[in-house]
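[1] What follows is a protein structure lacking sequence information:
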């Protein structure tokens with residue numbers, strides 16, 4: 001994020017590319033049409049949120065080196081409405097477009113090694129197909145005289 005703020009690294013725009021200029025740095029990311037920008041305001045906000053999440057994790061006693069962002073979500077917030085004065089005595093709307101951003105930061109758990117089944121612990125699993133499982137669920141009724 002520091003590279004974006006210093007204009008050393010570009011953020012590629014892949015979806016909403018209308019009116020976005022072409023830049024040579026976007027070639028590194030293979031973005032369509034070499035389109036990208038340096039969103040300074042948004043980068044500062046996200047950087048502050050990440051640093052806040054790290055400090056909250058330190059307060060809760062989590063290990064900062066094992067943290068990762070497990071969930072990130074951004075939603076539209078209600079606009080702040082103001083008015084602007086136009087020519088000929090008219091008034092136009094002048095609304096901001098804020099957003100709600102949330103991060104859930106989780107500590108990585110250490111993996112558990114898979115147990116060897118050589119010592120005979122646990123039942124042996126037999127894999128069956130879906131069709132065979134459906135046949136086993138089907139209960140026969142009647143059947144004749146045998």
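    Sure thing, it's come through. Just so you know, these numbers come straight off a predicted model, no measurement behind them. Numbering: from 1, shown residues only.
[2] all strands of this protein, in order?
    11-12, 36-37, 67-76, 81-85, 91-95, 99-107 (DSSP state E).
[3] quick one, which of those strands is nearest to residue 25?
    Closest to residue 25 of the strands of the chain, according to Cβ to Cβ: strand 36-37, at 6.5 Å. (C-beta placed from N, C-alpha, C; glycine too.)
[4] distance of the residue most central in space within the chain from residue 14?
    For the chain, the residue nearest the mean C-alpha position is residue 72 (4.4 Å; Cα atoms, centre = their mean). Distance from residue 72 to residue 14, counting by Cβ to Cβ, to the nearest Å: 17 Å.
[5] Other residues contacting the longest helix anywhere in the chain?
    Taking DSSP state H as the criterion, the chain has its longest helix at helix 40-60. When contacts are defined by Cβ atoms under 8 Å, 6 or more residues apart in numbering, helix 40-60 is touched by residues 1, 2, 4, 5, 11, 64, 67, 69, 101, 103, 105, 107.
[6] Could you identify the buried members of those?
    4, 11, 67, 105 (16 or more other Cβ atoms under 10 Å).
[7] which residues does the third one contact?
    To tie it back to what came earlier, the one meant is residue 67. By Cβ under 8 Å, 6+ apart, the residues touching residue 67 are 53, 54, 57, 105, 106, 107, 108.
[8] is it possible to export the contacts of helix 40-60 to a markdown table including distance to residue 26 and pLDDT?
    Listed next are these as a markdown table, based on distance: Cβ to Cβ, whole Å; pLDDT from 0 to 100:
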| residue | distance to residue 26 | pLDDT |
| --- | --- | --- |
| 1 | 17 | 90 |
| 2 | 19 | 92 |
| 4 | 13 | 93 |
| 5 | 17 | 93 |
| 11 | 9 | 93 |
| 64 | 32 | 92 |
| 67 | 30 | 93 |
| 69 | 24 | 94 |
| 101 | 24 | 95 |
| 103 | 26 | 93 |
| 105 | 29 | 94 |
| 107 | 35 | 92 |
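[9] with the residues you listed in mind, which one is nearest to residue 85?
    Closest to residue 85 out of the contacts of helix 40-60 is residue 101 (32.4 Å), distances taken as Cβ to Cβ.
[10] The residue lying closest to that closest one once chain neighbours are set aside: how many residues sit nearby?
    Nearest non-adjacent residue to residue 101, counting by Cβ to Cβ, 6 or more residues apart in numbering: residue 74, 5.0 Å away. Around residue 74 there are 12 other residues, counting by other Cβ atoms under 10 Å.
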